[in-house]
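# Output the structure for:
(chains A and B, ligands or ions: 1)
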Amino acid sequence: MSERDASKEASQSFRVPGMGSIDTTRTITFTFDGRIYEGHPGDTLASALLANGVRLVGRSFKYHRPRGILSAGSEEPNALVELRTGNRREPNTKATTVELYDGLEASSQNRWPSLAFDVLSINQLAGSVLSAGFYYKTFMWPAAFWEKLYEPVIRRAAGLGRAASEADPDSYDKVTAHCDVLVIGGGPAGLAAALSAASAGARVIIADENPELGGRCLAEKRTIDEMPSAVWAKHAQEKLRSTNEVRVLTRTTVFGVYDGRTYGALERVSDHLPVPPQHQPRQRLWRIIAKRVVLASGATERPMVFGENDRPGVMLAGAVRTYINRFGVVPGRHAAVFANNDDAITTIADIQRAGAEVVAYVDSRKELSPAVLAVLSEAGVDAILGGHVESTTGTRHITGATVRTADGEIRNLPCDLIAMSGGWNPNLQLATHLNARPHWNETIAAFVPSALPPGMAVAGAANGLLTLAEALASGAQLGIEAAHEAGRPAVEARSYSTTPEASSIAPLWRVPETKGKAFVDFQHDVTTDDVVLAHREGFAAVEHLKRYTTLGMGTDQGKTSNVNALAIMAALTESTIPAVGTTTARPPYTPVAIGALGGAHRGRDFKPERLPPSYKWAREQGAVFTQAGLWLRPQYFPRPGERDWQETVFREVDTTRNAVGICDVSTLGKIDVQGRDAIKFLESIYINNWGSLAVGRARYGVMLREDGMVLDDGTTARLGEHHFLMTTTTGNAAKVLQHLEFCRQCLWPDLDVQLAPVTDQWAQFSMAGPKSRDLLRKIVDSEFDISDAAFPYMAAGEVAICGGLKARLFRLSFSGERAYEIAVPSRYGDALIRRLMTATEEFDGTAYGTEAMGVMRIEKGHLGAAEMNGTTTAYDLGLGRMMSDRKDFIGRTLGSRSGLMDPDRPRLVGLRPINPKHKISAGAHLLPQKAHRTAANDEGHVTSAAFSPILGHTIALGLLKRGPERVGEIVGVCDPVRGRDILAKVVSPEFFDPSGEKLRG
Amino acid sequence: MRINCPCCGERSLDEFVYYGDADLRRPDPQDEEAGAKFIAYVYERTNPSGFHRELWYHGLGCRTWIVAERDTRTHEIYATCRAVDGGAPEGAAADRERS
Ligand SMILES: [Zn+2]
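Modelled structure (predicted):
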């Protein structure tokens, strides 16, 4: 620590007193690569580093070249740092967008062992090896080298930062919002649009990625309505914040445009704080549904492409102005300005006002307008017209610029800052997310939006209107129009007064003669030579260029590089820029953390949990739970002294088979079916007949999909003449309801039948075993006769229990035992399970879970999801005889296709091991006894298996070719995954009580 | 995407389940060609670029089956109605698209 303290920098020597709009009265400290620095609230990490004279902030991706800060916004390709530590460590954070807070810890990345001395920077000497396409060419052969040599080396060398290795401790939120007008961007155009729309009474959301609205009003020294632009922006923001129905979202990036006028936005709620405040999320994902949108996303400045243009100290001119005017930081003492357009001229005065020297103004244009010439002469700057910066000098920071004048003279200008401007690209990405292609505008030498997403209009610089006056006027007008189109009254757009500005440009896509590497894409180290190479090797199409060189594929998505690259390619192919075209911009506009997209849906909350009515009681019993769809069901109920789950399950099965067991079956789907045509409806969706079902009786039914495969099975009880209650399997409840609604609404809309899902309305418990009726007698009120005569197998009816509570009683069995299911309104479920379990003590009964239920259903050969797996027909599952030939039903025609009736199909059988000690597991393959264990001899597979405590050996269900014909045959059960290969006898799938005596009592 | 449910109003795509072509009619099982017709009904689908009348199920809402007229290229939905209402009359948008 002492070393760190000693290394504290003395001061912010590049901070200019009296300039900038941030609060310099308070000082906060932060560390970068372990050294302590000071800054002010309102700084970004980049502005604070520059204030302290820190220019070298990272190493480049491929060549590990020293890199500094290029920009002042989210387009930054170079200044990527690792932020925070431990489980909040965050790689690839743009220093230009990180808001400084007290105690912030940042470190440079992609360097080893240190930022100043990086071993891998020798990569740049091996530049020819690492040129475009080097991954494809260099590491081709031999293949075995990949795993052992190439990949580890590439990973070591090429990594951009390290992700945190621990779980993210923060929470994330999601919210949906609706508005009349969404304004994207809070610069002059966006502010004017939002003010207009709000004045018409529209519900407005204005979103901007910065902590304050204002955009370039804060970065430039301009006037609006006689006020400094920053002051005007402050007033505008206050006005918006105080207007009802206007929501100002700062630190919020609209990152995507989706169908149905839906917009995705990410609000960085707590990124500017050390840790999120209590009960606050780190970030919030907004889904905004907007009737109209004004896109006012501004423009991004293009770098100039010249030799060694990546050296720290080479910055975008607009960024230089931002650091001076907004942060009061001058990024150098001796600056050269290199541009091809009028906008950059204002940089000169800003630098001079900040007390620094402008050593030269270099403009690639030979002739400038008189107004611009007047500005230059007033500034007293050495103007080199028709000249180029060819290269820079220096190592970790520039020390000079090599300039070629129009006459071809070479001049070496000592300087520590080059402010460059190649013109401005409208930020039109959001306008193209729905697949529109932009249009090339010759006047501003940039792409502008053309076809737009429905409901969107584009204002200001985003639409190529690059001057302040145009931005304000277009914003004001489009805000009014958007509000009106959203149904608000038409009002007059107000006008704003500004000072005039020049904005002409003559494009220069790359300096003709350069020394050293001239970078196009800084983040991915793509140079002009790489573009030339891609062209020479035939990758001239813009999408090929991108993939071959990885241009524009970094976290900055090529915001500063794409247009330069394709303009260079256009020149190489002797084509035009519009003919070359652009790559497709896709969401997100800036990176979005997966955590934000997930929101609260993580860990146990990934999906909602459905809790059966006995859940609380079961937890108290120490039940072990399993997931069945969304339901949490008790899997088994261990008792003290039981060694493992198997012992528990055997006990539960044994007790049920010999006394009584209780199971919560509320999770089975329940659908109430009513109407005069209810019978007709059931006849049409089930394969078996329903006409003869009497009121007060239930029947097992099977339904198919229209293609003939089994969809689901269950029992349906007739509660009244026109009233039925259908049950479905737990997993298929929603699917069956959807299917039935489809049949009812789309196929037979004339039937008088109504459906209602009532799964959640009823708590239902199964009581199975020889003592089940005795147990039932304890709770059913005495006036109800539940003798076998009055309430036989498959009876259904209404009773009262526990002294007057209305309940539904069904005599159904899944276990093969005498069994009843009793249903009460859900709110009584907890009370009923407790009452039942108390009553069952007398019979030494048990609760049982899904494991014991599974064992008993396999013992009875009942079907489960593994058998009804979407590829099996009723015929396959031994239910062919249930299929009525007296009626039509869903799946009948296609289920009777000859291919599906082929006896060679795998069909349901039971299997028992020849050696009772052998185990069979689901998934094992069935083959002829002596056949080679190859896929060609495969005859089916085991679908379900369990150890039967009653029978004392494993039993299994399986699908076997010609299965039912082969009862008695011995087949091989091959389980290569578990390394087993045993013999089993093919038997009837009903292992237990095949005659059903126990069932009927 | 947003779908205008005739019962619930405009709702988010998340609440709906897509089904497919709304103009398929379940063949008559008594038809001599029933087998072939059912094969076509169950398996054969066109994949139009542009106008499509299709079924959506408002599963996380009112459980209404909806006929939507959608442009498969732009995802613009011209019109919606309940499937029970005669399987949806063809909308004006459809005529426009087809002419
Ligand atoms: Zn609905």
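# Going by proximity to chain A, name the top residue of chain B.
B:R2 (3.4 Å; C-beta to the nearest C-beta). To be clear about C-beta, it is placed using only N, CA and C from the backbone, and glycine gets the same treatment.
# Which strand residues bridge that residue?
B:R2 forms beta bridges with B:S12, as assigned by DSSP bridges.
# Please name the residues that touch it.
Residues near B:R2 by C-beta atoms under 8 Å, 6 or more residues apart in numbering or on different chains: A:259-262, A:289, B:10-13, B:77.
# ditto for A:G708
So A:G708 contacts A:873, A:891-897, A:900 (C-beta under 8 Å, 6+ apart).
# Pick out the residue closest to the middle of chain B.
By C-alpha atoms, centre = their mean, chain B has its centre lying nearest to B:E54, at 1.9 Å.
# Let's have the contacts of B:R2 in JSON lines, adding neighbour count, distance to the ion and pLDDT.
Below are these laid out as JSON lines (neighbours: other C-beta atoms under 10 Å in any protein chain shown; distance: C-beta to the ion, whole Å; pLDDT from 0 to 100):
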{"residue": "A:D259", "neighbour count": "16", "distance to the ion": "19", "pLDDT": "93"}
{"residue": "A:G260", "neighbour count": "17", "distance to the ion": "16", "pLDDT": "92"}
{"residue": "A:R261", "neighbour count": "20", "distance to the ion": "19", "pLDDT": "94"}
{"residue": "A:T262", "neighbour count": "17", "distance to the ion": "18", "pLDDT": "96"}
{"residue": "A:I289", "neighbour count": "17", "distance to the ion": "17", "pLDDT": "97"}
{"residue": "B:E10", "neighbour count": "13", "distance to the ion": "10", "pLDDT": "95"}
{"residue": "B:R11", "neighbour count": "17", "distance to the ion": "7", "pLDDT": "95"}
{"residue": "B:S12", "neighbour count": "16", "distance to the ion": "12", "pLDDT": "94"}
{"residue": "B:L13", "neighbour count": "15", "distance to the ion": "13", "pLDDT": "94"}
{"residue": "B:I77", "neighbour count": "21", "distance to the ion": "14", "pLDDT": "93"}
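# Of those residues, which belong to strands?
A:262, A:289, B:10-12, B:77 (DSSP state E).
# Dump these into a markdown table; add distance to A:G332 as well.
Below are the ones in strands among the contacts of B:R2 laid out as a markdown table (distance: C-beta to C-beta, whole Å):
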| residue | distance to A:G332 |
| --- | --- |
| A:T262 | 45 |
| A:I289 | 47 |
| B:E10 | 55 |
| B:R11 | 56 |
| B:S12 | 51 |
| B:I77 | 56 |
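# Quick check: the farthest pair among the residues you listed?
Longest distance between any two of these is 14.2 Å, between A:I289 and B:I77; criterion C-beta to C-beta.
# Spit out the contact partners of the residue nearest to the centre of chain B.
So B:E54 contacts B:18-22, B:67-68, B:70 (C-beta under 8 Å, 6+ apart).
# name the element the residue lying closest to A:D310 once chain neighbours are set aside belongs to?
Once flanking residues are discounted, A:D310 sits nearest to A:F519: 4.5 Å by C-beta to C-beta, 6 or more residues apart in numbering or on different chains. Remark: A:F519 resides in strand A:519-521, with elements defined by DSSP states H and E.
# and chain A, what are its domains?
For chain A, automatic domain parsing gives the domain ranges A:5-124, A:173-299+A:426-485, A:528-606, A:614-886, A:903-1000.
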